[in-house]
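A.B. asks: show me how the following folds:
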Amino acid sequence: MPGWPHPNEAELLEGIELVSTDLFDTLLLRTPRSERARIVGGERIFARRLTEQGLPVSESWLVEARLEAQRLAYRALDMAEHDGEVMLRDVIARQLAILGLPKTRMATLCETRLAIELDIEKASLRPNLQLAALLRRCRGEGRRVIAISDIGLPTSVLGALVSHFHGPELLDRIYSSADLGLTKRRGELFHAVLAAEGVDAGRTLHIGDDRLADHVVPSSLGLRTLHVPRPKLKRHLSRLHGGASELGRIIRRRRAQAGRPAGHARDPHAFGREVLGPIVAEFCLAIWLYADEARKRGDAALLFCARGGLGIRAAFERVAERLNLPLAMPRENLMISRLVAARAAIMVRSPAALDELGREFRGSSFADVATALGGGRYELLESWNERFVPERFFAMLDRPAGAAVAADIDRQNTLFQRHLSATSCGAKRIILCDTGLYGSTQRLLAVGLPDLSFETIQLARCNYKGLSEEHFPRVVGLAVERSRYSPLAVRSTVLRYWQLIESLFEPAIASVRSFAEGADGAIICNSGDIAFGAVDPAAGNPLLSGALAYIDNVDSGTAIMADAARAWPRLKQAVTRPVEADLAALAIGERSVDFGRTGTVGDGGALAGSALSRLASIRTQLWREGAIVRAFPRSRLPLLTAVEAFHALRGLSTGFHR
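C.D. replies: All right, here's what the predicted structure looks like:
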């Protein structure tokens, strides 16, 4: 930071009527204590206060709930099409809500936690006396001096901090992004401040440490800026401090995971109740945290995608009711599939549709693709019986011979859009909740319906298809976001046997293929009535019925997080080192291949033949570790160890992500 007085102070202030300053790391300098450490320290104090009030909550779960509420609030905010800010008060309220603290005392508890936050900030800051001296000189010369801060703290807290370090007379006014719902990074906060102050941008000087928010953006708006970046050494020290705090969090989580010996569930229902139940409930808490922030910006709908979304919805509604977590936004089940979404992308001739069709119809004919997409029987030229080549498809569709197919695709897409508009109540921001990994449905809908804003929340996100990741910024893996499984990241276990998760949530109904208009004008589909309550996703699904049984008996978010911390390692053991009980509990049987095609896939059952042929066949299995145990019961341990060692070495390259 430059020394004060500034060497070109007179030139810097020439013609300036309004001087604005950033607060944190500018007027109020942070010590190397990291944000993570500040949160842990605050929750430690809060835990003591809660215990004193007869509300004992573990410091560890307060920290976990706070970090999750904050993380998902910012993810939801990032998806918004317009400006905004996450308010710390909202984060705290959600933290307390999922922990099950009394709603009648919520307002008081939020104020208690905000007061602790103020005390923690006071202990983690020091005044920038040289900058304060400049600001006082500016006020003495008749210039107005204000502060503009991008942070979730309200103006009242910011004012208390400035007064604590600099006295009450330094600033004329403070503007907080939390109070105005606008940010410096998108520029809207500067527009609002200049309008409120009645000063032209050219007569305003802004001082701050952030290159984008305090220099690039205001400069582009015509403000004069003074960029005072934080010294690199202090940034590095803060990161080291944050790393040490995160290591402590990992150690505490591992202790929680080891809190009770893991047994072996006797059957699928027991496995669903004891292992998948806590994981599913934790997933539902994450959905609520994300959606509750998204609803603040209005014009948003939460749609659960058929088929897997129906099972997710069943679990989510039970968790929300059980823990009294209201969600004031439209939410419905959506008649959708990748096939349906592909039609929208085909209508605008998007290459994304060709990616999906090429992967799904490898080795099929153009006629097979036409039948799946159009849904009819067509008299096509002989060329349509040739092997499907994605790059040729649009040209064939646009020729007279493809007119009937194109017309049916258009008709089906129109019917789907009517259904989408009805289920979303006309909202422009569509939050899809699905069971996929790659987010194909969202990718296809986003290019096919560009007037709407699509985003997807899933249990996990992974580019297992090796296709474009351009849409990934709008796909959120609430529990896992990784390129592959790693033994070092326990939650990535789901990537080893993702079909288990799909099977867990999908009811025994047909995938959505075709739409029609019912007698009352409503849109119906081949899957039947999938409205909430019309289909029981747990019928014939002991894994899901077991998971729902767990939810029906849970009494707090604290119990869910504690149980989930133990359930994830148990799931990892069952998937990567299964015993006979796990083979019986996790066998998914036969599942349809989807995308308008007939046929099924399954976990393969027993493998036969020579040892070499059995070993070669394992690569074709959905659950390879399960196949190893079935095919090599006596030599399974060294084989499973070798597989895990391979993934451990490969996983090192992806780091310790969620």
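
A.B. asks: please make it C-alpha for all contacts and neighbour counts, starting now.
C.D. replies: OK.

A.B. asks: look up phi and psi at the nearest residue to residue 309 once chain neighbours are set aside.
C.D. replies: Excluding its sequence neighbours, the residue lying closest to residue 309 (CA to CA, 6 or more residues apart in numbering) is residue 434, at 5.1 Å. With angles defined as degrees, to the nearest 10, residue 434 sits at phi -140, psi 170.

A.B. asks: before we move on, what about residue 176?
C.D. replies: phi -110, psi 130.

A.B. asks: could you check the pLDDT of it?
C.D. replies: Per-residue pLDDT puts residue 176 at 96.

A.B. asks: SS state for the closest residue to residue 112 other than its chain neighbours?
C.D. replies: Once flanking residues are discounted, residue 112 sits nearest to residue 46: 7.9 Å by CA to CA, 6+ apart. What DSSP: H, G, I helix; E, B strand; the rest coil gives for residue 46 is helix.

A.B. asks: return the residues in contact with residue 46.
C.D. replies: 59, 112-113, 116 (CA atoms under 8 Å, 6 or more residues apart in numbering).

A.B. asks: one step back: shouldn't the residue nearest to residue 309 be in contact with residue 304?
C.D. replies: Yes - here residue 434 reaches residue 304: they are 6.3 Å apart, a contact under CA atoms under 8 Å.

A.B. asks: just give me the residue right at the centre of the protein.
C.D. replies: By CA atoms, centre = their mean, the chain has its centre lying nearest to residue 476, at 3.2 Å.

A.B. asks: so it is in which element?
C.D. replies: In this assignment (DSSP states H and E), residue 476 forms part of strand 475-481.

A.B. asks: how distant is that strand from the center of its chain?
C.D. replies: Relative to its chain's centre, strand 475-481 lies at 5 Å (CA atoms, centre = their mean, to the nearest Å).

A.B. asks: within its sheet, name the partner strands of that strand and how each one runs.
C.D. replies: Looking at strand 475-481 with DSSP bridges, its partner strands are strand 453-461 (parallel).

A.B. asks: average pLDDT for the partner strand?
C.D. replies: In this model, strand 453-461 carries a mean pLDDT of 97.

A.B. asks: neighbour-wise, which of the contacts of residue 46 leads?
C.D. replies: Most neighbours among the contacts of residue 46, by other CA atoms under 10 Å: residue 113, with 21 neighbours.

A.B. asks: how confident is the prediction for the residue nearest to that residue when sequence neighbours are not counted, by pLDDT?
C.D. replies: Residue nearest to residue 113 in three dimensions, not counting chain neighbours: residue 46, with 6.5 Å by CA to CA, 6+ apart. Residue 46 carries a pLDDT value of 97.

A.B. asks: so, low pLDDT: which residues of this structure?
C.D. replies: Residues of the chain meeting the criterion pLDDT under 70: 1-6, 232-265, 590-593, 596-606, 651-658.

A.B. asks: hey, where'd the strands end up in the stretch 1-150 of the chain?
C.D. replies: 18-21, 28-30, 125-127, 144-149 (DSSP state E, counting those that start in this stretch).

A.B. asks: tell me what the third one is packed against?
C.D. replies: Strand 125-127 sits against strand 28-30, helix 155-166, with contacts defined as 3 or more CA pairs under 8 Å, 6 or more residues apart in numbering; DSSP states H and E.

A.B. asks: how does it look with 7 Å?
C.D. replies: Strand 125-127 sits against strand 28-30, with contacts defined as 3 or more CA pairs under 7 Å, 6 or more residues apart in numbering; DSSP states H and E.
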